[in-house]
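K.L.:
Okay, predicted coordinates and the sequence, questions at the end:
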Amino acid sequence: MAETVTTTVTELPESRVRVQAEVPAAEVEKRVAVAARALGRNLRIPGFRKGKVPPPVIIQRVGREAVLDEAVRESIAGWYTAAIDAAKVVPVGEPNLDLDELPGEGEPLRFSIEIGVRPEATLGQYEGLEVGKRDPEVADEAIDNEINQLRDRMAKLETVERPAASGDYVVMDFLGTLDGEPFGGGEGRDQMVELGSGRLVPGFEEQLEGAAAGEDRTVKIEFPEDYGAEDLAGKEAEFAVTVKEVKAKELPELDDDLAAEAGFDTLDELRADIRERISEAESGRVEAEFREAALDAAVANATVEVPEALVEARSRELWDQMLHSLSHQGISKEMYLQISGRSEDDILADGKADAELQLKREAVLAAVVEAEGIEPGEGEILAALEEAAPQEGTSAKKLLERMKSANRLDTFKAELANRKALDLLTESAKPTR
């Protein structure tokens, strides 16, 4: 859609721009026809089958202004993206979008965008910089921890004839009451819980420590104020608990039999495999740290003015990205704020340092791309698409076509160029230890 929108860009103070955009009349009329057809699906007009009314008839019946208004509502997001792409700016923060009066028939639609953009960097020395790099290390404790986790996964639960302790599993029946009356969801039979796991209401598991099989106990708790069931939140309850069994984890011996269960001949082979895997992961972390340090060394030598408003906008973007990620885990903003014990304002303020550094890094990479004339070749683009295609569940060719149709190929090329710029900084850097 980028070719359907023409733009002019005016630079403003504080790393902001104004983008004047114009959507040609032909594109506007095309979107009006699409909107008219959508509206016509629910219209009954004599002489036409439902959903088959021609757009001109719908426009005449509904009124051009109403149809145009719907067309703009449906299309403005795409036109905005097209305008940003056509203007070749990298936006930061929320835009101020000002739409001119809706155009008459045969006239273009005009709107303007004011938005923060990535700051510009004046480069200092960026090649051949001395950058600290640590040696990858694999501590014996890390290997022991992996083996202990393996033993824990392979452990068996065995019934024990002793009082329950933290880390044991208790099989129980329970009946909860509020003021002597049972409540919904407060009864369970043959329920097994690990003491000390924190799965139950705070205070419940602790009161079962020391209990033995066949013992009855009364557990008194207070539901948290933020408990999921609103009718129980903040209330005191009693649970009549009958402990039926106490089970303990029986860990497998640390010997060659354990290794055999994991697919190795000896325990030494298992340890060697774990060491190799940890070493590979640690080497990857060391390399990632070095790449980041090489970039930060170039940032330290550059001059980048980042206005406070831009920092605040990027901090907000980072927070919004985090909230989006949390939502996929079933965690709401309110829940996260309560868990973290911080306010939204505190989080945004704390995120400003990372936001400023991120903006400076982006500015320096963009400046290196320009200074070095970095432009990914067709082969590099295809290789990168081949790498990304499996994650998208498609082929490199189809992914390329998808990017072209969505006008995202230029963005992908810019990402590749930034990656090559970072490669240049890293490969030229002199590691110090």
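P.N.:
Received the coordinates, thanks.

K.L.:
So what's the residue count around residue 381?
P.N.:
When neighbours are defined as other Cβ atoms under 10 Å, residue 381 has 17 of them. Using the backbone N, CA and C atoms, a C-beta is placed for each residue, glycine as well.

K.L.:
Please tell me how far the helix or strand containing it is from the chain's geometric centre.
P.N.:
Using DSSP states H and E, residue 381 falls within helix 378-392. The chain centroid and the centroid of helix 378-392 are separated by 22 Å under Cα atoms, centre = their mean, to the nearest Å.

K.L.:
Just the mean pLDDT for it, thanks.
P.N.:
Throughout helix 378-392, pLDDT has a mean value of 86.

K.L.:
Pull the residues that contact that helix.
P.N.:
With contacts defined as Cβ atoms under 8 Å, 6 or more residues apart in numbering, helix 378-392 is touched by 376, 395, 396, 398, 399, 400, 412, 413, 416, 420.

K.L.:
so can I have a markdown table of these showing neighbour count, secondary structure and distance to residue 237?
P.N.:
Rendered in a markdown table, the data for the contacts of helix 378-392 read as follows (neighbours: other Cβ atoms under 10 Å; DSSP: H, G, I helix; E, B strand; the rest coil; distance: Cβ to Cβ, whole Å):
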| residue | neighbour count | secondary structure | distance to residue 237 |
| --- | --- | --- | --- |
| 376 | 18 | coil | 64 |
| 395 | 13 | coil | 58 |
| 396 | 18 | helix | 59 |
| 398 | 13 | helix | 57 |
| 399 | 20 | helix | 56 |
| 400 | 17 | helix | 61 |
| 412 | 18 | helix | 57 |
| 413 | 16 | helix | 61 |
| 416 | 20 | helix | 59 |
| 420 | 17 | helix | 62 |
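
K.L.:
hey, where'd the helices end up in the stretch 301-433 of the chain?
P.N.:
With helices called from DSSP state H, counting those that start in this stretch, the stretch 301-433 of the chain shows them at 308-328, 333-340, 344-350, 352-372, 378-392, 396-405, 409-428.

K.L.:
Let me know how buried residue 260 is, in neighbour terms.
P.N.:
The criterion is other Cβ under 10 Å. On that basis, residue 260 has 14 neighbouring residues.

K.L.:
what pLDDT does it get?
P.N.:
pLDDT recorded at residue 260 is 95.

K.L.:
looking at this, it is in a helix?
P.N.:
Yes: applying DSSP: H, G, I helix; E, B strand; the rest coil, one finds residue 260 inside a helix.

K.L.:
Would you map the strands across the stretch 201-350 of the chain?
P.N.:
216-222, 236-250, 303-304 (DSSP state E, counting those that start in this stretch).

K.L.:
wait, which of the ones you listed is closest to residue 114?
P.N.:
With respect to residue 114, and counting by Cβ to Cβ, the nearest of the strands of the stretch 201-350 of the chain is strand 303-304 at 21.7 Å.

K.L.:
What I need now is the contacts of helix 378-392 written out in JSON lines, including distance to residue 255 for each item.
P.N.:
Formatted as JSON lines, the entries for the contacts of helix 378-392 read as follows, by distance: Cβ to Cβ, whole Å:
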{"residue": "376", "distance to residue 255": "54"}
{"residue": "395", "distance to residue 255": "49"}
{"residue": "396", "distance to residue 255": "49"}
{"residue": "398", "distance to residue 255": "52"}
{"residue": "399", "distance to residue 255": "50"}
{"residue": "400", "distance to residue 255": "54"}
{"residue": "412", "distance to residue 255": "52"}
{"residue": "413", "distance to residue 255": "56"}
{"residue": "416", "distance to residue 255": "51"}
{"residue": "420", "distance to residue 255": "51"}
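
K.L.:
Tell me the one of the residues you listed nearest residue 118?
P.N.:
residue 413 (16.1 Å).

K.L.:
need the contact list for that closest one.
P.N.:
Taking Cβ under 8 Å, 6+ apart as the contact definition, residue 413 lies against 375, 376, 381.

K.L.:
about what we covered before: buried deepest among the helices of the stretch 301-433 of the chain, which one?
P.N.:
Of all the helices of the stretch 301-433 of the chain, helix 352-372 carries the top mean neighbour count, a mean of 19, counting by mean count of other Cβ atoms under 10 Å.

K.L.:
Residues touching that one, excluding its own?
P.N.:
Contacts to helix 352-372, defined as Cβ under 8 Å, 6+ apart, come from residues 90, 92, 118-123, 126, 295-296, 298-299, 302, 304, 306, 310-312, 314-315, 317-318, 374, 414, 417-418, 420-422, 424-425.

K.L.:
SS state for residue 17?
P.N.:
Secondary structure assignment for residue 17 (three-state DSSP): strand.

K.L.:
For it, which residues are in contact?
P.N.:
Applying Cβ under 8 Å, 6+ apart, the residues near residue 17 are 9, 10, 11, 87, 89, 114, 115, 117.

K.L.:
Please flag which of these sit within strands.
P.N.:
When strands are assigned by DSSP state E, the members of the contacts of residue 17 inside them are 9, 10, 11, 114, 115, 117.

K.L.:
Of those residues, which is the nearest to residue 335?
P.N.:
The shortest approach to residue 335 among the ones in strands among the contacts of residue 17 belongs to residue 115, at 31.6 Å (Cβ to Cβ).

K.L.:
Can you get me a residue count around that closest one?
P.N.:
Using other Cβ under 10 Å: residue 115 sits among 22 other residues.

K.L.:
And it, how close does it get to residue 341?
P.N.:
Counting by Cβ to Cβ, to the nearest Å, the separation of residue 115 from residue 341 is 34 Å.

K.L.:
next one: residue 132
P.N.:
Computed as Cβ to Cβ, the residue 132 to residue 341 distance reads 34 Å.

K.L.:
and residue 173, which of the three is it?
P.N.:
Judged by three-state DSSP, the three-state class of residue 173 is strand.

K.L.:
Can you name the residues bridging to it?
P.N.:
For residue 173, the beta-bridge partners are residue 242 (DSSP bridges).

K.L.:
Now do the contacts for it.
P.N.:
Applying Cβ under 8 Å, 6+ apart, one finds that residue 173 lies in contact with 188, 189, 190, 191, 241, 242, 244.
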